[in-house]
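J.: Give me the fold of what follows.
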Amino acid sequence: MTLLQPLFRLPRRQKRLLQLAADSLLITLSFLLAMLLRLDSWAFVTQPRVWWVLPVVIPVSLVIFIRLGFYRAVIRYMSMKAVKAVAAGVGASALALLVVNYLFQLPVPRSVPFIYAMLALLTVGGVRFALRGIYLRNQLRYKTRVVIYGAGAAGRQLVQSLRHGTEYEAVGFADDARSLEGAFIQGLKVYAPAELARLVKDYGVEKVLLAIPSASRARRREILEHLEPLEVPVQTIPGMADVVAGRAQINDLRDVSVEDLLGRDPVPADPSLMGANITGKVVMVTGAGGSIGSELCRQILRQGPAQLLLLELSEFSLYRIEQELSQIAREEGISCPVRALLGSVQHRHRVQRIMTVFHVQTVYHAAAYKHVPMVEHNVVEGLRNNVMGTLETARAAVEAGVESFVLVSTDKAVRPTNVMGASKRLAELVCQGLARAQKGTRFSMVRFGNVLGSSGSVVPLFRRQIAAGGPVTVTHPEITRYFMTIPEAAQLVIQAGAMARGGDVFVLDMGEPVKIAELAGHLIRLSGLEPSYPGGEDGAAAGGDIEIRFTGLRPGEKLYEELLIGEKVEATRHARIMTANEISLEWDEMDCLLETLFDACLAFDAPRIRELLLRAPLGYQPQGELVDLVWEQQDGQVLAGASAQSAQRPKVVTLRPQHTSTAS
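T.: Coordinates of the predicted model:
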């Protein structure tokens, strides 16, 4: 093969000239052998008229070969289509020999053209396929051996793509269909999934490729659970929708998504709910550049709003989502103006002016600080952004005559142990209070857990840590979380908002909670490695390839998240959206609480802030000391002065919580 490497590396023009010369020689050789086989004698060699056929047949054959695209095909990638072309070319060459022999009455037996055709097919075609075989055999030494799970159309396409590549060599299929077991597809045998362990051992399989794009997530989860013990990496091809849309190719292999590990299939959206608050209306999304905000924008745009307003504090995030939405609109033929607006939700006059000038009808309020430890270290800004930002935006909506206001909330608002959760529960109370205090704007809140792929999500972090050889860091062995994909969460937020009547607290069905340590173990095993856990007396990891290291709960972090404060929950017309009866306050009490709280924020009085949060009807139960970075840095004199000053402020009035009844 090393002798042929210079041949494969020649420029295409030189390769074509070599093929022309080789084919001329092979045609001559095939004719010579055909005459020898027919006459069983070399006597014809001395007869000049016998050779007159070649000056005509060779040029005619080469022209035919050129017309059939012989020399445009790359030998190493020849397929069955090339075989047909070779057969057609050789047949035409034999016909030319027959015609020349007849016209010139040459001393060539009439059976020679037929013998010549068979010999030329073996020589002209055989040489090409021999070179292709040599090349592929050499490449096989450097290819990773894989098994393709799924012998359907996607699996067959994947085999063809892999054969044209230089990275992978498929050794067989695995498929659940018993009717395919033992059959050969694309030259590869189809095995039962139970035989995968043997294939890995006997054939040196180093990877399993999933080619089941149409399978449900629940089914994919079952398959992944079966593949985990093999201790080989598992990758998957993209979905057929991405392939058809041109966003991916069939051989674009990807790591197994965490959605497949969770096995949660989305529920089809209700078109009437998706468009109720959007189609033909002016819609504004706050925090439009964030994880949830940006996905809300994508889905809102496809529902045909009259205008879509993007409000965002971060210039870069706003620019990025505006560019993406503009591209979506161009590609999908959507004629909806998209307005990118810089601004803070804490600036009511700016927000109100935007709502008034553009005649906003629907607001999705997704702007919030959501990282628990970050807000715990920056208590004042966390409360100002999440609570004051919601208050000012909600008041602006009321004054501007907005029809519907939907707050994106979190499961951390339920019996919060951190300031972020408490701030989101306060934001819910703000919306509930305003819903009771006025009738012009319809307020609702949608509460759900973690979303996959958001900024700060653990999954990308785990993948980076696995790629780096570990350790994979998890805060606690028992920590659990609810998970949902960003598209599903945004879709459900839109549909929940459409069902609101005023003051509703909607809770999304998040499925079963997931242990983070188990999720990390799944990702490690599907990377072909084995996780190890602290085991020895010294706490060192025992066995395995990638250590799972427990780092301890971070400030304000809970072991278990909840979605409901009470037990009163009612179904709605959507299978994954529920409504809850939650504690609320009259607006005058809420206003007094907020004024006192913002006064404490203005003084950077962290102890006073904590005291107010504890006295408010939030269920706030902090599990540690104050860790606000500014407060910790202050010296004793400043602390004493701030405490004395805050002690002179009026105390918050006694709060009388009420239950708000919501309808579905």
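
J.: As a check, name the ranges of all helices in the stretch 301-450 of the chain.
T.: 315-332, 348-358, 372-377, 379-383, 389-400, 419-437 (DSSP state H, counting those that start in this stretch).

J.: Residue 550 is nearest to which of these?
T.: Among the helices of the stretch 301-450 of the chain, helix 372-377 comes nearest to residue 550, with 16.3 Å by Cβ to Cβ. Just so you know, the C-beta spots here come from the backbone N, C-alpha and C atoms, and that holds for glycine as well.

J.: Just the buried positions in the closest one, please.
T.: By 16 or more other Cβ atoms under 10 Å, the buried positions in helix 372-377 come out as 372-377.

J.: Also stretch 150-165?
T.: Quick answer for stretch 150-165 (16+ other Cβ under 10 Å): 150-152, 154-159, 161-163.

J.: same deal with stretch 211-231?
T.: 211-213, 215, 217, 220-221, 223-224, 227-228, 230.

J.: Next: stretch 485-503.
T.: Across stretch 485-503, burial judged by 16+ other Cβ under 10 Å covers 485-500, 502-503.

J.: And the helices in the stretch 101-250 of the chain?
T.: Secondary structure of the stretch 101-250 of the chain (DSSP H, counting those that start in this stretch): helices located at 112-120, 126-140, 153-163, 196-202, 217-227, 240-244.

J.: Distance to residue 172 and mean pLDDT for the ones you listed - can I get that in JSON lines?
T.: Shown next, in JSON lines, are the helices of the stretch 101-250 of the chain (distance: least, Cβ to Cβ, whole Å; pLDDT from 0 to 100):
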{"stretch": "helix 112-120", "distance to residue 172": "35", "mean pLDDT": "84"}
{"stretch": "helix 126-140", "distance to residue 172": "15", "mean pLDDT": "64"}
{"stretch": "helix 153-163", "distance to residue 172": "10", "mean pLDDT": "84"}
{"stretch": "helix 196-202", "distance to residue 172": "6", "mean pLDDT": "88"}
{"stretch": "helix 217-227", "distance to residue 172": "15", "mean pLDDT": "85"}
{"stretch": "helix 240-244", "distance to residue 172": "23", "mean pLDDT": "53"}
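
J.: who wins for proximity to residue 307 among the ones you listed?
T.: Nearest of the helices of the stretch 101-250 of the chain to residue 307, taken as Cβ to Cβ: helix 240-244 at 28.6 Å.

J.: Which helix or strand lies directly C-terminal to the closest one?
T.: Along the chain past helix 240-244, the next helix or strand (assigned with DSSP states H and E) turns out to be strand 254-255.

J.: after that next one, next one along is what?
T.: Assigned by DSSP H and E, the successor of strand 254-255 is helix 258-262.

J.: Just the CA atoms of that next one, as PDB, please.
T.: Extracted C-alpha coordinates of helix 258-262, given in PDB (Å, rounded to 0.1, in the frame of the first residue of the first chain):
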ATOM      1  CA  VAL A 258     -29.500  14.000  28.700                       C
ATOM      2  CA  GLU A 259     -33.100  14.200  27.400                       C
ATOM      3  CA  ASP A 260     -32.600  10.600  26.200                       C
ATOM      4  CA  LEU A 261     -31.400   9.600  29.700                       C
ATOM      5  CA  LEU A 262     -34.400  11.100  31.300                       C
END
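
J.: Let me have the buried residues of helix 372-377 in TSV, adding distance to residue 307 and pLDDT as columns.
T.: Compiled in TSV, those are given as follows (distance: Cβ to Cβ, whole Å; pLDDT from 0 to 100):
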residue	distance to residue 307	pLDDT
372	35	89
373	38	90
374	33	93
375	33	94
376	38	93
377	38	93
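
J.: farthest pair in those?
T.: Those two in the buried residues of helix 372-377 that are separated most widely, counting by Cβ to Cβ, are 372 and 377, at 9.9 Å.

J.: so what's residue 326 up against?
T.: Neighbouring residues of residue 326 by Cβ atoms under 8 Å, 6 or more residues apart in numbering: residue 338.

J.: now it: how far from residue 486?
T.: Distance of residue 326 to residue 486, computed by Cβ to Cβ, to the nearest Å: 20 Å.

J.: tell me which of the buried residues of stretch 211-231 is nearest to residue 130?
T.: The closest of these, once distances to residue 130 are taken by Cβ to Cβ, is residue 211, at 30.8 Å.

J.: In terms of pLDDT, where does the closest one sit?
T.: Per-residue confidence (pLDDT) for residue 211: 88.

J.: can you point me to the longest helix in this protein?
T.: Looking across the chain with DSSP state H, the single longest helix is helix 12-39.

J.: Next SSE downstream of that one?
T.: Assigned by DSSP H and E, the successor of helix 12-39 is helix 53-67.

J.: Who are the packing partners of that following helix?
T.: Where contact means 3 or more Cβ pairs under 8 Å, 6 or more residues apart in numbering; DSSP states H and E, helix 53-67 is packed against helix 12-39, helix 80-104.

J.: quick one, what contacts the spatially closest residue to residue 197 that is not a sequence neighbour?
T.: Spatial nearest neighbour of residue 197, chain neighbours left out: residue 230 (6.2 Å); criterion: Cβ to Cβ, 6 or more residues apart in numbering. The contact partners of residue 230, by Cβ under 8 Å, 6+ apart, come to 196-197, 200, 208.

J.: what does residue 457 give?
T.: 450-451.

J.: how is the protein carved up into domains?
T.: The record's domain split for the chain, according to automatic domain parsing, is 5-139, 143-256, 271-450+484-509+562-584.

J.: The longest one: end-to-end distance?
T.: Domain 271-450+484-509+562-584 has an end-to-end distance of 32 Å (Cα to Cα, to the nearest Å).

J.: again, but for stretch 615-634
T.: 25 Å.

J.: Go through that stretch and flag the buried ones.
T.: Neighbour-count burial for stretch 615-634 [16+ other Cβ under 10 Å]: 616-620, 622, 626-628, 631.

J.: Likewise for stretch 573-581?
T.: Of the residues in stretch 573-581, 574, 576-581 count as buried by neighbour count, 16+ other Cβ under 10 Å.

J.: Including pLDDT, secondary structure and distance to residue 129, could those residues go into a markdown table?
T.: Compiled in a markdown table, those are given as follows (pLDDT from 0 to 100; DSSP: H, G, I helix; E, B strand; the rest coil; distance: Cβ to Cβ, whole Å):
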| residue | pLDDT | secondary structure | distance to residue 129 |
| --- | --- | --- | --- |
| 574 | 88 | coil | 59 |
| 576 | 87 | coil | 56 |
| 577 | 90 | strand | 61 |
| 578 | 88 | strand | 64 |
| 579 | 89 | strand | 69 |
| 580 | 83 | strand | 70 |
| 581 | 78 | coil | 75 |
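
J.: Let's have these in CSV, adding distance to residue 33.
T.: Shown next, in CSV, are these (distance: Cβ to Cβ, whole Å):
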residue, distance to residue 33
574, 77
576, 75
577, 79
578, 83
579, 87
580, 88
581, 94
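
J.: Closest one to residue 510 out of those residues, please.
T.: Closest to residue 510, out of all of these and judged by Cβ to Cβ, is residue 576, at 8.6 Å.

J.: and residue 268, how many residues sit next to it?
T.: 7 (other Cβ atoms under 10 Å).

J.: would it count as being in a helix?
T.: No. Counting by DSSP: H, G, I helix; E, B strand; the rest coil, residue 268 falls outside a helix, being coil.

J.: what's it sitting at in phi/psi?
T.: phi -60, psi 140 (degrees, to the nearest 10).
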